[in-house]
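Peer 1: what follows is a predicted protein model with its sequence.
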Amino acid sequence: MTTENSATALPRAFLEREDVTDALAAHHFGLVFRLAKNALGISYSKIAEACDIKPERVGTLARGEGRVTSFDKIARVVDALRVPGHMVGLLPRDWELTAHPEENTVPARRIATTRHGDNMHRRAFFRASAGASLAVGLPDPTRLTPRSKLGSNYPEYLRRRTARLRRMDEILGGGDTYRVYLGEYQETKKLLREASYTPSVGKELLSVLAEQAQQAGWAAFDNGNHADASSLYHESHQAAVESGDQPLAGNALAFLGYQKSGNAPREGVEDAASACQTASPSAPPSVQALLYERLAWAHAVAGDAAETERALHAAEAALSTAADSPAPDWAAWVDHNELSIMKGRCWAELRRPIRAIPLLEEALRRFDDKHARDKSLYLTWLADSYMTAGEVEEAAGIVSRALDLTAGVASVRPQRRIASALRQLEAHRGLPQVRAVLERAKG
């Protein structure tokens, strides 16, 4: 065992033992402590120091008495153990990055460029953790009761918690995250109904609720639960309006527009346009860019190239504007590379491959493979553009890459897009490259 800044790093071989992974997934940390002591000779006092737990508490847990139940304490334990792929820890893993101690640089080699098996292992571990309902119980850190009085700092605690859980969406699909996100939303809704708080705290709680509803709605949408997604987006909009959070209210409308674009393009455009108006020009640049991106997509699906280009220019202008304050976490992921991907997707949807292909290829080269769901999804638009351009073999190779990335990801959207691409390729089965992809997809 090694130590670093009061944290212990358990060996990977130990963390991958079936009894250890099962215990971690169920948050039976006492069992993990006992196994670490027996197998590795790590003292309970060392574990206590690393995990910021009293030594006597570690011994009690190791005897099977009691559980670590609060979110913050679970997070501290997981971070201390450096559990690979755990949905709370989310720290750099040694099997995901290769370090060069002689260089003062961030390691560049990422998970999906090493071994496909590692990628699958990480997602399997995430699913196990999510399935164990790590973060669904909110009575923490203050052991809340129906008559609890919430302090002014509690909404910010929930907002930070929501931001941290959002990192799950970078790895997992909605099939794995929906229940966790929905649980967060339902617990906050219960707090609003049963707890005691000042009017200003109540407004902040409503804003958090709106953010959580969007998070749960996105997971439902990603999992193909469109009715649930729509309901959550509407509830989010109502909560955001009541809280006075205009950017979040606009984002709720943008989500609704994005969802409607597939079946009702004109309604999608209307909601996306309303989103931009609702958020107001005072919204942070990243928020404005996100909403204009969604408006551009709605116009592209509706077949309006001129309006698509106008909205993309607006998004670019917003993103190039200096921000007066940090972006909200729910929009912080929007950057110039993300905008390039959206541009490429829009031109692919409008069947303009000469514009779409270079944008998508360049942006996807910079897009980390660990974001497997999103990258596999974006690759399908690149494949579409090559098909439109008559480059069938190139399209087949890209679909094959998307199949690699989407393996094990519980998301309906890339699966449906890949299925559509495979149907297009069927007409070209005579080509060896195409036939190989089609046969592989069957397996």
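Peer 2: It's in.

Peer 1: can you show me the helices along the stretch 201-350 of the chain?
Peer 2: 226-243, 246-260, 265-279, 285-301, 305-319, 336-349 (DSSP state H, counting those that start in this stretch).

Peer 1: residue at max distance from the center of this protein?
Peer 2: residue 430 (38.9 Å; CA atoms, centre = their mean).

Peer 1: elements contacting whichever strand or helix holds residue 357?
Peer 2: In this assignment (DSSP states H and E), residue 357 forms part of helix 353-365. If contacts are counted by 3 or more CB pairs under 8 Å, 6 or more residues apart in numbering; DSSP states H and E, helix 353-365 sits against helix 336-349, helix 372-388. C-betas here are computed from N, CA, C, even on glycine.

Peer 1: in that helix, which residues are buried?
Peer 2: 353, 355, 356, 357, 359, 360, 363, 364 (16 or more other CB atoms under 10 Å).

Peer 1: in this structure, which residue is most central in space?
Peer 2: Central residue of the chain (CA atoms, centre = their mean): residue 169, at 1.5 Å.

Peer 1: with adjacent residues omitted, what lies nearest to residue 305?
Peer 2: residue 350 (5.3 Å; CB to CB, 6 or more residues apart in numbering).

Peer 1: how about that neighbour, phi and psi?
Peer 2: phi -90, psi 10 (degrees, to the nearest 10).

Peer 1: contacts only, for it.
Peer 2: 300, 303, 305, 308 (CB atoms under 8 Å, 6 or more residues apart in numbering).

Peer 1: among those, which two are most distant?
Peer 2: Pairwise distances across the contacts of residue 350 peak at 8.9 Å for 303 and 308 (criterion: CB to CB).

Peer 1: higher neighbour count, these two?
Peer 2: Higher neighbour count among residue 303 and residue 308: residue 308, with 24 against 12, using other CB atoms under 10 Å.

Peer 1: what sits against that one?
Peer 2: Neighbours of residue 308 in contact, by CB under 8 Å, 6+ apart: 296, 299, 300, 346, 350.

Peer 1: now do the contacts for the fourth one.
Peer 2: When the contact criterion is CB under 8 Å, 6+ apart, the partners of residue 346 are 296, 297, 299, 300, 308, 312, 356.

Peer 1: and the residue lying closest to residue 169 once chain neighbours are set aside, how many residues sit next to it?
Peer 2: Nearest residue to residue 169 in three dimensions, chain neighbours excluded: residue 177, at 6.0 Å (CB to CB, 6+ apart). Using other CB under 10 Å, the number of residues around residue 177 comes to 28.

Peer 1: any idea how far residue 177 is from residue 355?
Peer 2: 33 Å (CB to CB, to the nearest Å).

Peer 1: burial of residue 320, as a residue count?
Peer 2: Residues near residue 320, counting by other CB under 10 Å: 11.

Peer 1: okay, it: pLDDT?
Peer 2: Residue 320 is assigned 93 on the pLDDT scale.

Peer 1: one step back: how about the residue farthest from the centre of the chain, secondary structure?
Peer 2: Three-state call for residue 430 (DSSP: H, G, I helix; E, B strand; the rest coil): coil.

Peer 1: tell me who's in contact with it.
Peer 2: Not one residue lies near residue 430 by CB under 8 Å, 6+ apart.

Peer 1: and the pLDDT for it?
Peer 2: 96.

Peer 1: what's it sitting at in phi/psi?
Peer 2: phi -60, psi -20.

Peer 1: for residue 303, give me its contacts.
Peer 2: Contacts of residue 303 by CB under 8 Å, 6+ apart are 265, 350.

Peer 1: repeat for residue 43
Peer 2: Shown in contact with residue 43 (CB under 8 Å, 6+ apart): residue 37.

Peer 1: just to revisit the earlier point, how about the helices of the stretch 201-350 of the chain in CSV, adding distance to residue 383?
Peer 2: Below are these laid out as CSV (distance: least, CB to CB, whole Å):
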stretch, distance to residue 383
helix 226-243, 25
helix 246-260, 21
helix 265-279, 22
helix 285-301, 17
helix 305-319, 20
helix 336-349, 9
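
Peer 1: and for residue 351, the neighbour number?
Peer 2: That count, for residue 351 with other CB under 10 Å as the rule, works out to 14.

Peer 1: quick check: which of the helices and strands packed on helix 353-365 is nearest to residue 53?
Peer 2: helix 372-388 (34.5 Å).

Peer 1: can you check what angle separates the closest one from helix 336-349?
Peer 2: Going by axes from the mean of the first three to the mean of the last three CA atoms, to 10 degrees, helix 372-388 is angled at 40 degrees with respect to helix 336-349.

Peer 1: helix 372-388 - contacts with which helices or strands?
Peer 2: helix 336-349, helix 353-365, helix 392-406, helix 412-426.

Peer 1: how close does the residue lying closest to residue 380 once chain neighbours are set aside sit to residue 41?
Peer 2: Nearest residue to residue 380, sequence neighbours excluded (CB to CB, 6+ apart): residue 417, at 3.9 Å. Residue 417 is 51 Å from residue 41, where distance means CB to CB.

Peer 1: please apply the same query to residue 400.
Peer 2: 47 Å.

Peer 1: who has more neighbours out of these two?
Peer 2: Using other CB under 10 Å as the criterion, residue 400 and residue 41 rank with residue 400 on top: 18 against 9.

Peer 1: ok, and the closest non-adjacent residue to the more buried one?
Peer 2: Nearest to residue 400 is residue 437, by CB to CB, 6+ apart, at 4.9 Å.

Peer 1: for that neighbour, grab the count of nearby residues.
Peer 2: Neighbour tally, residue 437, other CB under 10 Å: 24.

Peer 1: ok, residue 63 next?
Peer 2: Neighbours of residue 63 using other CB under 10 Å come to 11.

Peer 1: mind checking the SS state of the nearest residue to it once chain neighbours are set aside?
Peer 2: Distance criterion CB to CB, 6+ apart; nearest residue to residue 63, sequence neighbours excluded, is residue 30 at 7.1 Å. Three-state call for residue 30 (three-state DSSP): helix.

Peer 1: mean confidence for stretch 65-77?
Peer 2: Per-residue scores along stretch 65-77 average to 65.

Peer 1: next one: stretch 342-349
Peer 2: Here the average pLDDT along stretch 342-349 is 98.

Peer 1: can you give the contact residues for the helix holding residue 357?
Peer 2: Residues contacting helix 353-365 (CB under 8 Å, 6+ apart): 337-338, 340-341, 343-348, 375, 378-379, 381-382, 385-386, 388-389.

Peer 1: going through these, which ones are buried?
Peer 2: Buried among the contacts of helix 353-365 (16+ other CB under 10 Å): 338, 340-341, 343-348, 375, 378-379, 381-382, 385-386, 388.

Peer 1: tell me how many other residues crowd residue 267.
Peer 2: 16.

Peer 1: right, and it touches residue 260 too?
Peer 2: Yes. Assessed by CB atoms under 8 Å, residue 267 is found in contact with residue 260 at 4.7 Å.
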